[in-house]
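J.: just a sequence and a predicted model for now, questions to come.
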Amino acid sequence: MQIADEDDLTLDGNTLVMKTGSTTSTTYGTLHNEGMSIGLEFCGEKCQFDNVYFIRNSPEDNPYFFLPGDSGSAVYLIDKPNTVLGIGFAYLLDKKMRNYAYVCSIRTIVDAFDIDVS
């Protein structure tokens with residue numbers, strides 16, 4: 001397994017990703033933002049997440065990249081086989097019903113837990 005780094009990513013909608021989740025199965029999307037911070041409420045508690053990626057679904061594939069039940073799915077770069085971008089944990093539907101996913105950086109997770117991935 002390889003971990004995605006900054007050189008692997010572009011924010012122009014051309015970095016293609018995929019994940020396989022329990023609810024939506026295998027879906028595809030594009031990276032639209034990185035390093036953002038978001039605040040979400042879980043069980044009445046506000047939580048801050050930093051270094052988060054923002055993924056938009058590929059509408060021609062599936063109307064939803066990510067839905068409840070998909071949390072914990074690994075998100076991979078399509079153009080770099082076996083390269084993990086992060087772990088999906090939340091989603092958003094906008095007013096036009098476009099689906100977005102929030103993905104924690106796998107590098108942040110590996111560093112926080114001092115995991116050896118060599």
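T.: That came through fine.
J.: okay, CA-based contacts and neighbour counts for the rest of this
T.: OK.
J.: ok, which stretches of the chain are strands?
T.: 2-3, 16-21, 25-42, 45-57, 74-77, 83-93, 99-105 (DSSP state E).
J.: show me what counts as buried in the helix or strand bottoming out on mean pLDDT in the chain.
T.: Across the helices and strands of the chain, mean confidence by mean pLDDT, DSSP states H and E is lowest for strand 25-42: a mean of 85. Buried residues in strand 25-42, counted by 16 or more other C-alpha atoms under 10 Å: 27-34.
J.: ditto for stretch 89-105
T.: For stretch 89-105, burial by neighbour count (16+ other C-alpha under 10 Å) applies to 89-92, 99-105.
J.: which residues touch it?
T.: By C-alpha atoms under 8 Å, 6 or more residues apart in numbering, the list of residues contacting stretch 89-105 from outside reads 49-57, 63-68, 70-73, 75, 85-88.
J.: what's the nearest residue to residue 51 once chain neighbours are set aside in contact with, if anything?
T.: Spatial nearest neighbour of residue 51, chain neighbours left out: residue 35 (3.9 Å); criterion: C-alpha to C-alpha, 6 or more residues apart in numbering. Contacts for residue 35 (C-alpha under 8 Å, 6+ apart) come out as 50-53.
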